[in-house]
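Chemist: Provided below for reference: sequence and predicted model.
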Amino acid sequence: MNASGATSDPSKTTAELSIAFQGAPGAYSHVAARMFLAKKGKELGLPTDPKSAEELSVVFESCKSFQEVYDKVRDGECKFGVIPLANSSIGAITPAWELILQYQVSFIADVYVPVHHQLLGLPGTNPKDIKVVLSHPVALKQCIRFLNQMPWAQSTGFWDTSGAAFHVKEQNDPSIVAIAGEASAALTGLTILARDIEDFKHNETRFGIIAPVNVAMDAVSKNFPTRPRLSCCVELDPETIEFSTFVASTIGRHNAKVLSIVPLMIPERSWQYRYVFELELGSNQQTQNIWTAIRDNATKARILGVYSSIRIT
């Protein structure tokens with residue numbers, strides 16, 4: 001296949017396991033997929049060595065968009081999908097959250113991946129000769145300080161970080177460079193012209209691992225997390241309960257740790273919101289208690305997942 005594309009190798013369609021991710025091979029979501037397999041595979045009865053994925057009949061399916069990832073999981077083409085949920089530098093990835101509400105899928109885990117961006121170009125590239133810097137718009141936002149030091153170069157959005165690296169390789173033009181990760185450099189053979197150019201060195205992205213609802217429910221029933229995370233979406237009737245009252249009577253009352261609250265506009269109702277709550281809890285019983293309180297006080301409520309977290313250090 002064309003390495004910058006988003007199709008899988010047809011010779012591997014009989015794989016025992018497929019994991020869909022948004023991006024080209026080597027993308028940060030690809031890294032997250034491999035780490036999920038390494039950290040959670042044994043618990044889920046999956047092969048666990050990411051270096052031996054091909055021998056173990058595992059296919060990592062490259063997708064052009066978030067929606068394509070969701071579609072592949074919904075349609076049964078892939079058992080799991082990897083979606084970026086938030087970045088420590090720029091916040092929630094809202095489109096990813098909006099899409100999950102349209103599908104019968106749930107989170108089975110989340111993975112924190114350190115994101116260290118590299119400036120990649122052809123061997124021998126002179127930085128003063130660079131005219132175009134390609135990368136995903138989110139990655140460009142994370143490297144503003146570095147890019148401001150190159151006013152002669154135009155920053156241009158691309159569909160994916162690793163996809164941008166493959167494009168630079170294919171164009172074979174030293175005036176075009178990409179911002180991507182070290183995995184992309186290894187796959188493309190491009191030279192790292194500048195290392196770790198992200199604005200904040202603690203930069204990391206949290207990825208959600210999605211699965212069909214029945215698969216996620218089966219996994220949590222067999223191995224309930226020691227420190228469970230509950231992700232749920234709620235709608236509130238503003239004439240019945242205020243947001244602050246809802247939070248106090250549910251989350252506050254049950255001493256849950258709030259990890260994030262993501263507001264999502266309800267397009268059909270002016271200036272009304274759905275809220276995605278992500279909570280860290282201490283036990284199965286606490287999870288059940290707080291979910292009962294949320295369900296009883298909200299107009300609508302849906303669990304998006306009960307799962308454990310994976311952090312790559």
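Modeler: Cool, the structure landed. Residues are numbered from 1 along each chain as shown.

Chemist: show me where the stretch 101-250 of the chain has helices.
Modeler: With helices called from DSSP state H, counting those that start in this stretch, the stretch 101-250 of the chain shows them at 137-141, 144-148, 161-171, 182-188, 213-222, 243-247.

Chemist: same for the first one, what does it pack against?
Modeler: In other words, helix 137-141. Using 3 or more CB pairs under 8 Å, 6 or more residues apart in numbering; DSSP states H and E as the contact criterion, the neighbours of helix 137-141 among helices and strands are strand 154-157, strand 176-180. From N, CA and C alone the C-beta is placed, and that goes for glycine too.

Chemist: is residue 39 in a helix, a strand, or coil?
Modeler: Secondary structure for residue 39, judged by DSSP: H, G, I helix; E, B strand; the rest coil, is helix.

Chemist: that one: how many residues sit nearby?
Modeler: Applying other CB atoms under 10 Å, we find 18 other residues in the vicinity of residue 39.

Chemist: same question, residue 174
Modeler: The burial metric for residue 174, expressed as a neighbour count using other CB under 10 Å, is 16.

Chemist: could you do residue 164 as well?
Modeler: 30.

Chemist: pretty sure it is in contact with residue 176, am I right?
Modeler: No - using CB atoms under 8 Å, residue 164 makes no contact with residue 176, being 9.1 Å away.

Chemist: mutual contacts of these two, please.
Modeler: Shared contacts of residue 164 and residue 176, defined by CB atoms under 8 Å, 6 or more residues apart in numbering, are found at residue 134.

Chemist: thinking again about what came up before, so which of the helices and strands packed on helix 137-141 is nearest residue 130?
Modeler: strand 176-180 (5.3 Å; CB to CB).

Chemist: pLDDT of the closest one, averaged?
Modeler: Taken as a whole, strand 176-180 has a mean pLDDT of 99.

Chemist: name the residues that touch that strand?
Modeler: Residues outside strand 176-180 that contact it (CB under 8 Å, 6+ apart) are 26-27, 117-121, 125, 130-135, 139-140, 143, 153, 158, 161-162, 164-165, 167-168, 184, 190, 193, 197.

Chemist: could you flag which of those are buried?
Modeler: Applying 16 or more other CB atoms under 10 Å to these, the neighbour count classes 26-27, 117-121, 125, 130, 133-135, 139-140, 143, 153, 158, 161-162, 164-165, 167-168, 184, 190, 193, 197 as buried.

Chemist: give me the buried positions along stretch 257-271.
Modeler: So, applying 16+ other CB under 10 Å, buried residues of stretch 257-271: 259, 262, 264.

Chemist: stretch 60-76 now?
Modeler: Residues of stretch 60-76 classed as buried: 60-64, 66, 68-74 (neighbour count, 16+ other CB under 10 Å).

Chemist: CA atoms of the longest strand seen in the chain as PDB?
Modeler: Counting by DSSP state E, the longest strand found in the chain is strand 300-311. Taking C-alpha atoms only, strand 300-311 is exported to PDB below (Å, rounded to 0.1, in the frame of the first residue of the first chain):
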ATOM      1  CA  LYS A 300     -31.100  11.800  30.300                       C
ATOM      2  CA  ALA A 301     -28.000   9.800  31.200                       C
ATOM      3  CA  ARG A 302     -25.800   7.300  29.400                       C
ATOM      4  CA  ILE A 303     -22.700   5.500  30.600                       C
ATOM      5  CA  LEU A 304     -19.900   5.800  28.100                       C
ATOM      6  CA  GLY A 305     -17.600   3.400  29.900                       C
ATOM      7  CA  VAL A 306     -16.300   2.000  33.200                       C
ATOM      8  CA  TYR A 307     -12.600   1.200  32.700                       C
ATOM      9  CA  SER A 308      -9.100   1.500  34.000                       C
ATOM     10  CA  SER A 309      -6.300   3.900  32.800                       C
ATOM     11  CA  ILE A 310      -3.000   3.200  31.200                       C
ATOM     12  CA  ARG A 311      -0.200   5.700  31.500                       C
END
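
Chemist: which strands and helices sit next to that strand?
Modeler: With contacts defined as 3+ CB pairs under 8 Å, 6+ apart, the packing partners of strand 300-311 are helix 28-40, strand 105-114, helix 213-222, strand 229-235, helix 284-297.

Chemist: packing partners of the shortest one?
Modeler: Counting contacts by 3+ CB pairs under 8 Å, 6+ apart, strand 229-235 is packed against strand 273-280, helix 284-297, strand 300-311.

Chemist: pLDDT on it, on average?
Modeler: What strand 229-235 shows for mean pLDDT is 97.

Chemist: contact partners of that strand?
Modeler: With contacts defined as CB under 8 Å, 6+ apart, strand 229-235 is touched by 101, 107, 110, 246, 256, 259, 264, 266, 272, 274-281, 287, 290-291, 294, 298-309.

Chemist: off-centre distance for it?
Modeler: Centre-to-centre, strand 229-235 and its host chain are 17 Å apart (CA atoms, centre = their mean, to the nearest Å).

Chemist: partners of it in the sheet?
Modeler: Next to strand 229-235 in the sheet, as set by DSSP bridges, lie strand 273-280 (antiparallel), strand 300-311 (antiparallel).
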